[in-house]
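A.B. asks: Can you look at this prediction? I've put the sequence above it.
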Amino acid sequence: MASRTTRDYYEVLGVSRDAPLDEIKRAYRRLALQYHPDRDPSPEATEKFKEASEAFEVLADRDKRRIYDGYGYEGLQGRGYGGITDLDDVFERFFSAGGIFGDLLSDLFGTRPARRRRARRGSDLLARVTLEFEEAARGAEREVDVERLRTCGDCDGTGGVDGKSPETCPACHGAGEIVQRHGFFSVGMPCPRCRGEGEVIGDPCEKCGGRGVRLERRAIKVDLPAGVDDGMRVRLVGEGESGRYGGAPGDLYVEARVKPHKVFQRDRDNILYELAISPARAALGGDVVVPTLKGDEKAKVRAGSQDGDVIKIRGAGVPRPGTNAVGDQVVTLRVGIPKKLKRRAKKLYEELLTLEGEE
Ligand SMILES: [Zn+2]
Ligand SMILES: [Zn+2]
């Protein structure tokens, strides 16, 4: 807590140690008016406003003041008092505390200052597209139908007719919250009039009903790069929902679903394939023809190949998106023993068997 004030609270408010509550109120009022962020947005003023508010929060409270007088700030800390860290803290504490703070603040500022509408980033959206296995390998273009909230063009997002800015909500005086007291408890709930925004539109834009955003249906083109894999997402920056109050729009993610292939399988940028060969081919080796995504390719089988042996066809896989790398086709040899033999083949096998017996 290096940045917090170490100045004496009485000194901050410029009052004597035995100043009565009235004087403390007056002193705070003067400082708050001078340094209120709505009047002076400079960081120095904000710092002073916080400092004065913290001093006031303590000195206007009989119990806190007594602890402070006796034990200083450390004494308050020891009793769970946290000090004021930022501007929102001031408004949160003072307005939720009600009583003297609420009275003083409404006396000071008329109503609660409208909550600063914080810039809010628009939501991200997710769409899915389904691709054939081959399409994923070579890349594809698609249109996705997206329903999204976008800034209303008629009111430029203000929600008011002709772009008129919203006004402080009369129901909650800008708090965005209605506090109901039940004995000792107060319960806060979002203001139904302004839906918690703290502001309402006097003359709402007809096109968006005063919301400043409109549901829009739009077909958006997306390029799925060659080599896109099942579950991969393409991000379209800014194509999500519009931000509010100056916030950036969200992004649209398009997730690819890749259908399985009859004979090929994907392993990242490699294509897996099983090639059936005969025992003779396995024994003798030689050239074989292997189907790939780009058509038939010749490959060599080593003499004496075993079932399960692997040969690779370099570069016959798919590109790895975002790189120049291309995968291979990984061919697993499956040696098939014939279930039925034609007459001549049978004779040759018999000869082979005799030969094996002699060896
Ligand atoms: Zn509008
Ligand atoms: Zn309201």
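C.D. replies: Thanks, I have the structure now. Residues are numbered from 1 along each chain as shown. Ligands and ions are numbered 1, 2, ... in the order given.
A.B. asks: Contact residues of the protein facing ligand 2?
C.D. replies: Within the chain, the positions near ligand 2 by CB under 5 Å from the ion are 169, 171-172, 191, 193-194. For the C-beta atoms, the positions are set from N, CA and C on the backbone; glycine is no exception.
A.B. asks: Any chance of those residues in CSV with pLDDT, distance to ligand 1 and neighbour count as columns?
C.D. replies: Below are these laid out as CSV (pLDDT from 0 to 100; distance: CB to the ion, whole Å; neighbours: other CB atoms under 10 Å):
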residue, pLDDT, distance to ligand 1, neighbour count
169, 85, 18, 22
171, 84, 22, 14
172, 84, 23, 25
191, 82, 21, 21
193, 83, 19, 14
194, 82, 16, 22
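A.B. asks: Which helix or strand contains residue 137?
C.D. replies: helix 133-138 (DSSP states H and E).
A.B. asks: other SSEs contacting that helix?
C.D. replies: In terms of contacts (3 or more CB pairs under 8 Å, 6 or more residues apart in numbering; DSSP states H and E), helix 133-138 is packed against strand 252-258.
A.B. asks: contacting residues for residue 52?
C.D. replies: 12-13, 28, 31-32, 35 (CB atoms under 8 Å, 6 or more residues apart in numbering).
A.B. asks: Grab the most central residue of the protein for me.
C.D. replies: By CA atoms, centre = their mean, the chain has its centre lying nearest to residue 124, at 6.4 Å.
A.B. asks: My read is that that one contacts residue 238, right?
C.D. replies: No: in this structure, residue 124 is not within contact of residue 238 by CB atoms under 8 Å, at 10.5 Å.
A.B. asks: follow-up on the earlier one: what's the next secondary structure element after the helix holding residue 137?
C.D. replies: Next along from helix 133-138, by DSSP H and E: strand 140-151.
A.B. asks: What are the buried residues along that following strand?
C.D. replies: Residues of strand 140-151 classed as buried by neighbour count (16 or more other CB atoms under 10 Å): 140, 142, 144, 146, 148-151.
A.B. asks: now swap in stretch 204-211 and tell me
C.D. replies: Buried, per 16+ other CB under 10 Å, within stretch 204-211: 204-205, 208, 210-211.
A.B. asks: contacts with ligand 1 among those, please.
C.D. replies: 205, 208.
A.B. asks: So which of the buried residues of stretch 204-211 are in strands?
C.D. replies: With strands taken from DSSP state E, there is no overlap with those.
A.B. asks: What about the buried residues of stretch 204-211, which are in helices?
C.D. replies: Judged by DSSP state H, helices contain none of these.
A.B. asks: Tell me the one of the buried residues of stretch 204-211 nearest ligand 2?
C.D. replies: residue 210 (13.2 Å; CB to the ion).
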